[in-house]
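*Asks:* fold the stuff below for me.
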Amino acid sequence: MIKKEWHDEALNLRDKGFSGRAIANIIGKSKTQVNDLFKSMFESKQVCVPDSKGPKILFIDIETKPILAHVWRLFDQNVGLNQIQEDWSILSYCAKWKGSDDVIYEDLQGSDDFEDDSRLLGNLWKLLNEADIVVGQNSKRFDVKKINARLVLNGYPKPSTFRQIDTLNIAKAQFGFTSNRLQYMTDQLCTKYKKLEHGKFAGHLLWSECMKNNPEAWAEMKLYNTNDVLSLEELYDILSSWDNTLPNFDVYVDEILDMSVWEEDGFHYSNLGKYKRYRNKITGVQRRSRVNLLPKEKRDSLLSNITS
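*Replies:* Residues are numbered from 1 along each chain as shown. Got it, this is the predicted structure:
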């Protein structure tokens, strides 16, 4: 993009917390022109990813603005689109790369238009575009879909493909916990980080005070959002070895598999085969070899189940 005279003014206003809509009104440009400027900035920036072997794993959590609507009672409400006064948006996000101590956090503190989250979207797009695997709690149903919605509504292309791991799905599939909520699981299982309870601003009050640009509320939101990601990573490390559907991380390494981190752990049997089983000494993840140990005569004599 060729630099124009109004670009510096727009960027300065953005740094002061003005929304894309407000900046467009101040400098006399369209919101699309302003957003295109911000997108071009982020496209030229590189996301710092830790230099390590294996897939680039991103832990992520977002907090969203509630929808403001006109209603006539508290229960059994069906809210029509014409009742919505303000739509939802992303208020803040926190992300962290596996293998890095750096925590990435951004929010809309200081904004004069909380429906306009354009200043967060550039980095969010770059993070998803760089990731091989995205990990979250209920992220398949909520976080990733919500981010995608805000990206497409603001004219971003689809990020590069990535796989998803959802700790909520692991909990539901493998365990019978009293609760699958992040707060319960991290309280019971994690020792370093646990999901925080709200402090001075309980429940919805935290969101409403943030939208009033209360600096204390924003400080609590940052602590709340950041701790969600730190406790999420610790929970993932505990639960992941129980999930037999995890991606094979060794595919992401160009070198031949280092068997020194694997130990033989008996055999795995399928309906038609017998395979050596291995357990990772570090993570506890189990894998099997691809070589069927049954002799050909034995394999040929086996009968298969009738499934249809």
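
*Asks:* show me what the strand or helix carrying Ala22 is in contact with.
*Replies:* Assigned by DSSP states H and E, Ala22 belongs to helix 20-27. Helix 20-27 has contacts (Cβ atoms under 8 Å, 6 or more residues apart in numbering) with 6, 9-10, 13-14, 18, 29-31, 33-35, 38, 112-113, 116, 118-119. For every residue, glycine as well, the C-beta is placed using N, CA and C.

*Asks:* mind running it again at 6 Å?
*Replies:* With contacts defined as Cβ atoms under 6 Å, 6 or more residues apart in numbering, helix 20-27 is touched by 6, 9-10, 13, 30-31, 34-35, 112-113, 116, 118.

*Asks:* where's the dip in pLDDT among those residues?
*Replies:* Minimum pLDDT for the contacts of helix 20-27 is recorded at Asn35 (72).

*Asks:* could you list every residue that touches that residue?
*Replies:* 20, 118.

*Asks:* so where does it fall, helix or strand?
*Replies:* Asn35 belongs to helix 31-44, assigned by DSSP H and E.

*Asks:* which is the succeeding secondary structure element to that helix?
*Replies:* Beyond helix 31-44 toward the C-terminal end (DSSP H and E), the next one is strand 57-64.

*Asks:* can you tell me the closest non-neighbouring residue to the residue nearest the centre of the chain?
*Replies:* Nearest to the mean C-alpha position of the chain, counting by Cα atoms, centre = their mean, stands Ile60 at 3.0 Å. Distances taken as Cβ to Cβ, 6 or more residues apart in numbering put Ala95 closest to Ile60, at 4.6 Å, once the chain neighbours are dropped.

*Asks:* okay, strands next: where are they in the stretch 101-250 of the chain?
*Replies:* 103-107, 133-136, 163-166 (DSSP state E, counting those that start in this stretch).

*Asks:* residues touching stretch 180-193, excluding its own?
*Replies:* Residues contacting stretch 180-193 (Cβ under 6 Å, 6+ apart): 137, 168, 171-172, 194-195, 230-231, 234-235, 238.

*Asks:* what's the burial count for the nearest residue to Lys56 once chain neighbours are set aside?
*Replies:* Spatially, and ignoring its direct neighbours in sequence, Lys56 is nearest to Asp132 (4.6 Å; Cβ to Cβ, 6+ apart). Counted with other Cβ atoms under 10 Å, residues neighbouring Asp132 total 18.

*Asks:* identify the residues contacting Asp132.
*Replies:* Contacts of Asp132 by Cβ under 6 Å, 6+ apart are 55-56, 162.

*Asks:* one more time with 10 Å, if that's ok
*Replies:* Residues in contact with Asp132 (Cβ atoms under 10 Å, 6 or more residues apart in numbering) are 49, 54-58, 160-163, 247, 249, 251-252.
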